[in-house]
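>>> kindly generate the corresponding structure for this input.
(2 chains)
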Amino acid sequence: MNERTIDVKNLDYRELNRTIREAVAGGVRSITLNNVLGQRFIADGITAKDLSITVNGVPGGDLGAFMDGPSIRVNGNADHAPGNTMTSGTIIIDGDAGDCVGHSMRGGTIMVRGNVGYRVGIHMKQYREQYPKIVIGGYARSFLGEYMAGGIILILGLDATEAIVQDYVGTGIHGGTIYIAGELEDHQLGVAAVRKDFTEDDLQVVTGLITQFNAQFGTDVDPAAITFTKIQPMSARPFSGLYTTER
Amino acid sequence: MLNKDGRRVNGSMIKNGLSRMNERGNGQGAGYAAYGIYPEFAEDYALHVFLDNMKEAKFSVEKEIERWGYIVHAEEIPVDDRKVEVSHIPYRYFFKPDPEKLLGRKIDEKDAILKMVMDINASRSGALVFSSGKNMGIFKASAWPEEVGNFYMVNKYKGYLWLGHNRYPTNTPGWWGGAHPFGLLDWSVVHNGEITSYGTNMRYVESFGYSCTMLTDTEVVTYLFDLLVRKHRLSTEMAGHALAPRFWDDIDRMAPNERDVHTALRLAYASASMNGPFAIVVGNTGGFVALTDRIKLRPLVMGYRGKTAFVSSEEAAIRAMEPNLDRVYHPPAGTPVVERLEGRA
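Residues are numbered from 1 along each chain as shown, chains lettered A, B, ... in the order given. Below you'll find the predicted structure:
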């Protein structure tokens, strides 16, 4: 009832997306995709709020790009830029993901159980009630939150086999907040990024996200046992003097 | 993909992996490099040549080859030309340099092959040598990966190391010589990205006797590896660090010994270091090295299963070759990952 399982082995992504759109138009609200292998752009631009999609396999890049509403769960690793410019909905990845996770994301939630690549959260932004959130279970590589303009990134560093974050954290950041479960050295902070005090309000925000993370992945991360580092922009316009002489 | 135990497999596996990434190409270039495919001519240099015709071009290339040694065997590379528009005749020579001819010129055997290949390719004689190693060969053309694979019948060759590439030419022409892999001696190179320092790198290698004739940037990477590893005897890892040097800030934080090494590499190889976005894989008889630019502007992922090491732009392509992987790993930016045949240093 209102469910559909599709074997997408060797199916081109255009045909795959056409199938999804037709199913959604026909009232289907739960779709399982089996044998996914490298198809890009899955569920891009879909706006059905009550739709859930399960991806079994390894999807290609830009999973759920421009999506507004659905929930996607990936049982496998994702490629580059899942949630690219998404407006709302959730993407849950029970595995690792590549570079640019949540690229230019405008709302909704992305949670990754494992590790992620470079430039996660690049250009993500917020506006009024639109408030994107990214939670990473493992480590994140360099340029985390590059040019970030809004929203929240939380890096938990569970079972991390290397540094939880690398260099250039928050380079060019001018809005939003990055929380890291642990310490980082001064040289790891990018231009325009500074440490801020981690307050009770921050703890509430982080606890809410971790509760969701635990529920999604069956983990038992305890926020009270973690010392968080909070990173924000030094100002809303860190480069105001770069191209013009305002002073 | 590399079978570290030397087990040879045919090219259909890598062809399937490549076809998972057709979004990354446009049918204007694809190719394969395979190692271990010519055991019956293992001691001869296998010269793969694009000939424009079977008269003047063939005559002039053979004249040049015979200045350096003798042809053991020559034939057209077998092709199935039903699907590919043929713009050159792929031909191959198995060639032995003549020690006496080398002696007279006071030149090392491999340098002689290098000079011979460069002379042929720079002479505009209607012949282009695109593969010149021993017991290995490059097969490429302007078409989709499946078409090129079927054209050369890569399923009939068995190699322990295979490289494959699907090209989307952007800044330079899509032609047979510009398809990847690029090769010289035992080297083969595939690349995603662009080498924006090409001009500097090209002038640098040309000052050592290499000539860039393929009308695209990746070619120069092949010659940089030959220069740094074969001629300057850097380890493969060190060559990788020379081409994608650490940032000075990172070098300042290193332990003294390491700091000295990386400082020396940056100073000695300023003109060899590569700028711009790249993910490259370089093959050689002993294995392969994979490397991205130091700020990671192109993807690269490793997969491992038993004694086989895979590397690709996308995990899906690896899983198309081997669904059950022991490990998947994303190498850090600017860090060479070297996979070697067992028993190779």
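>>> list the contacts of whichever residue of the stretch 1-150 of chain B sits closest to chain A.
At 4.5 Å from chain A, residue B:20 is the closest residue in the stretch 1-150 of chain B, using Cβ to the nearest Cβ. Quick note: C-beta positions are derived from backbone N, CA and C, even for glycine. Taking Cβ atoms under 8 Å, 6 or more residues apart in numbering or on different chains, we find residue B:20 in contact with A:37-38, B:314, B:316-317, B:320.
>>> whichever strand or helix holds residue A:31: partners in the sheet, and parallel or antiparallel?
Per DSSP states H and E: residue A:31 is located in strand A:30-37. Strand A:30-37 sits in its sheet next to strand A:3-7 (parallel), strand A:52-58 (parallel), going by DSSP bridges.
>>> who's in contact with the first one?
The set of residues that contact strand A:3-7 without belonging to it, under Cβ under 8 Å, 6+ apart, is A:16, A:19, A:23, A:28-35.
>>> okay, the strands paired with strand A:30-37, which one's buried deepest?
Each of those was scored by mean neighbour count; the highest is strand A:52-58, a mean of 21, by mean count of other Cβ atoms under 10 Å in any protein chain shown.
>>> what mean pLDDT does that strand have?
Strand A:52-58 shows a mean pLDDT of 98.
>>> returning to that earlier point: next, work out how far apart the residue of the stretch 1-150 of chain B closest to chain A and residue B:64 are.
Separation of residue B:20 from residue B:64 (Cβ to Cβ, to the nearest Å): 40 Å.
>>> go on, residue B:339?
Taking Cβ to Cβ, one finds residue B:339 at 35 Å from residue B:64.
>>> of those two, give the one with the bigger neighbour count.
Taking other Cβ atoms under 10 Å in any protein chain shown, residue B:339 and residue B:64 do not tie; residue B:339 has more neighbours (21 against 18).
>>> and the helix or strand in which the more buried one is found, what does it pack onto?
Assigning secondary structure by DSSP H and E places residue B:339 in strand B:337-340. Strand B:337-340 sits against helix B:236-243, strand B:287-292, strand B:308-312, with contacts defined as 3 or more Cβ pairs under 8 Å, 6 or more residues apart in numbering or on different chains; DSSP states H and E.
>>> and chain A, is stretch B:301-317 touching that?
Yes - under the criterion of Cβ under 8 Å from any Cβ of the partner chain, chain A is reached by stretch B:301-317 at B:301, B:314-317.
>>> which one (most neighbours) among those residues?
Neighbour-wise, the residues of stretch B:301-317 next to chain A (other Cβ under 10 Å) top out at residue B:315, 29 neighbours.
>>> what's that residue sitting at in phi/psi?
With angles defined as degrees, to the nearest 10, residue B:315 sits at phi -60, psi -30.
>>> pull the contacting residues for it.
So residue B:315 contacts A:58, A:77, A:79, B:301, B:303, B:328 (Cβ under 8 Å, 6+ apart).
>>> go with 6 Å
A:58, A:77, B:301, B:328 (Cβ atoms under 6 Å, 6 or more residues apart in numbering or on different chains).
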